[in-house]
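Student: build the 3D model from these lines:
(2 chains)
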Protein chains: 2
Amino acid sequence: MRRIKLIVSYDGTNYSGFQIQPNAVTIEEELNKALTDLCGEEVKVIGASRTDAGVHALMNVAVFDTNMRMAADKFAYALNQRLPSDIIIQDSCEVPEDFHPRYASSIKTYEYRILNRKFPDPILKNFTYPYYYELDVDAMNEAAKCFIGEHDFTSFSAVKAQVTTRVRMIYDCSVTRDGDLITLRITGNGFLYNMVRIIAGTLLKVGSHDISPSDIPVILDARDREAAGPTAPPQGLVLISLEYI
Amino acid sequence: MRRIKLIVSYDGTNYSGFQIQPNAVTIEEELNKALTDLCGEEVKVIGASRTDAGVHALMNVAVFDTNMRMAADKFAYALNQRLPSDIIIQDSCEVPEDFHPRYASSIKTYEYRILNRKFPDPILKNFTYPYYYELDVDAMNEAAKCFIGEHDFTSFSAVKAQVTTRVRMIYDCSVTRDGDLITLRITGNGFLYNMVRIIAGTLLKVGSHDISPSDIPVILDARDREAAGPTAPPQGLVLISLEYI
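Tutor: Numbering: from 1, shown residues only, chains lettered A, B, ... in the order given. Predicted structure coming up:
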C-alpha cells in the first residue's frame, strides 16, 4: 500500500460540503466513487479541510491508500476523467504512509468575497456574496487587523464545534476593494467551524458602522458566539491555499 | 408607447446565444417572456449584440416598447424577479422612441480569457478557455497591436456573415498575463460574426509560434477566412462593455 496526496479544487455550489453524509451529494463521496472505480478496490479519502455546503476550494487536500501501480502524477489525469466537471484534481503525488492531512501542520488561506453593488454579476454569482449597501472598507480593514496573532476564537466559532482548544494563530487578515469587489483574505494555522464566515459577517457589521473596529478585541475577549456578528452566506467563501510546513 | 433600454448581463453557458431561434433556449426569448409577463402585453426586445451560444456578457443592451406606466428604473428590479438567475438586468432607463441599439454608434469591448495551465479552475471553468501548452504572451501582444486601426476584417469573419462592409475600426487590442490567466482585450466600433473568436484563435497560433506577429498584416490583406487561425471556443468570450457615443 502507498499513500497518494491529491490537490482538490471544486465549485461547491452543487454539493452539501466536503464531508460524506447520508442522503446528500458531497465532494468526499465523489472522490471515493471515482477512486474506487479507478483503482478497482474500495478507496476512502481523508480530507484536509471539511468545507461547508456551498463553499469552494482552489486547493484542498485529500489522501488515499492504494495497491494500484500507477505513476503518482497520473492519478490527477485519470481522476479528472471520472469526476464531475466541477471537481478538478490539480496534482497528485506520493507522500509518506503516516502523512495525515488534518494532523500535519499547515497554513491555510481563505478569501471571502463580497460584491458591493445593486445587482449581482452573472459570472461571479456563485462565488460572491452580493451586498447592496455602502461599506466602509477602511473600517473593515482596521477591524481585520485585530484578528492577527494568537487568539481564542470561541466568539467566532459555531457553538456545535467540538474541539479541544479554540485558540488559533492568524498570520494575516485584510480587507481590500477592487471596484465592486471587496475581498477579506485571512491566513492562519487552522480555522474553527464557520470561523471565516462569522468573521466575514462581523466585518460586514463593521463596514456598515453597526460595530466599531475597536469592538473586535472586546468580542474576542467575550468568548461567546452571541457577541459576534452573523454567519455570512457560504458562496462568498473560497479556500485559496493549503500548504504543509 | 415609450421605449425602455435595459443593460443585460448573463452567463451564456446554458443558452443557445442571444438571438431567438426555434427549439433552443436563448437570452432574447427569456427577456421577451419576462417582459410579456411583467407588462401584460406582448413585448419583443431588440438586442444590441447578438452573442453566440456559450458567450457571456457583463453589459449587453436591449430595448423594448411598452404602454406600462412604471418608473423606468424599476423595470430592472421587476425583471430580475422574473428572469432565470443567470440573466441579470443591471439597469433600465427611458430612451428616445427612435433609439435603435444596433444602428446607434457604439464602442464595444470584448475580453477573451485563456487559462494557461495543466488543469481547469472549477471557478473559472465556464468563463475561460483552458490551454495547456506554453504561450508566448509578448508575441501575442505584438500581433494584437496589428489589429488596431481601420481594417477589412474579411479574413477574421465567419464566411456566412452577411454584411455590406467588413471594414471595422479597432481602437485598442492587447494581450496580457496575470498568473495563469491570459486576457485578450479588444475595443472597436463593431465586430463581425465570430471576429473576436477568430482573432483569439489566430493569436493562440502566434503564442505557440505557428504564426509570427508580422504575418498578421498579410492575413488581413488576404481577405480570406482560410488565411486566419481557427475560431476559439465560445466560453472564453465576454462582452465587457457597450457604450453609445
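Student: what sits against the residue nearest to residue A:86 when sequence neighbours are not counted?
Tutor: Ranked by CB to CB, 6 or more residues apart in numbering or on different chains and with sequence neighbours excluded, the top spatial neighbour of residue A:86 is residue A:11, at 4.2 Å. Where C-beta positions appear, they are placed from N, C-alpha and C, glycine not excepted. Neighbouring residues of residue A:11 by CB atoms under 8 Å, 6 or more residues apart in numbering or on different chains: A:56, A:86, A:126, A:127, B:122, B:123, B:125.
Student: residues making contact with stretch A:150-165?
Tutor: A:166-170, A:192-195, A:198-199, A:202, A:219-220, A:222-225, A:227-228, A:231.
Student: correction: the previous question concerned stretch A:41-53.
Tutor: Contacts for stretch A:41-53 (CB under 8 Å, 6+ apart): A:6, A:8, A:12, A:15-19, A:27-28, A:31-32, A:35-36, A:57, A:60-68, A:100-102, A:106, A:108, A:194, A:197, A:234, A:237, A:239, A:242.
Student: okay, and which of the residues you listed map to strands?
Tutor: A:6, A:8, A:57, A:60-66, A:106, A:108, A:237, A:239, A:242 (DSSP state E).
Student: of all the residues you listed, which two lie farthest apart?
Tutor: Using CB to CB, the two most remote members of the ones in strands among the contacts of stretch A:41-53 are A:66 and A:237, lying 31.2 Å apart.
Student: out of the two, which sits in the more crowded spot?
Tutor: Neighbour totals were compared for residue A:66 and residue A:237, and residue A:237 leads with 26 against 17 (other CB atoms under 10 Å in any protein chain shown).
Student: how about that one, nearest residue that isn't a chain neighbour?
Tutor: Closest to residue A:237 by CB to CB, 6+ apart is residue A:55, at 4.6 Å.
Student: and chain A, which residues reach chain B?
Tutor: Contacts of chain A with chain B, taken as CB under 8 Å from any CB of the partner chain, map to A:9-11, A:56, A:58, A:76, A:80, A:85-90, A:118-123, A:125, A:127, A:238.
Student: now with 6 Å, please.
Tutor: A:9, A:10, A:11, A:86, A:88, A:90, A:119, A:120, A:122, A:123, A:127 (CB under 6 Å from any CB of the partner chain).
Student: give me the domain ranges for chain A.
Tutor: Domain segmentation of chain A under automatic domain parsing yields A:2-95, A:108-244.
Student: for residue A:177, give its distance to chain B.
Tutor: 18 Å (CB to the nearest CB, to the nearest Å).
Student: try residue A:156
Tutor: 25 Å.
Student: on that earlier part again, could you list which of the contacts of stretch A:150-165 belong to strands?
Tutor: Those of those lying in strands (DSSP E): A:167, A:168, A:169, A:170.
Student: okay, now the second one: neighbour count?
Tutor: Meaning residue A:168. Residue A:168: 20 neighbours (other CB under 10 Å).
Student: again with the third one
Tutor: Other residues within reach of residue A:169, judged by other CB under 10 Å, total 13.
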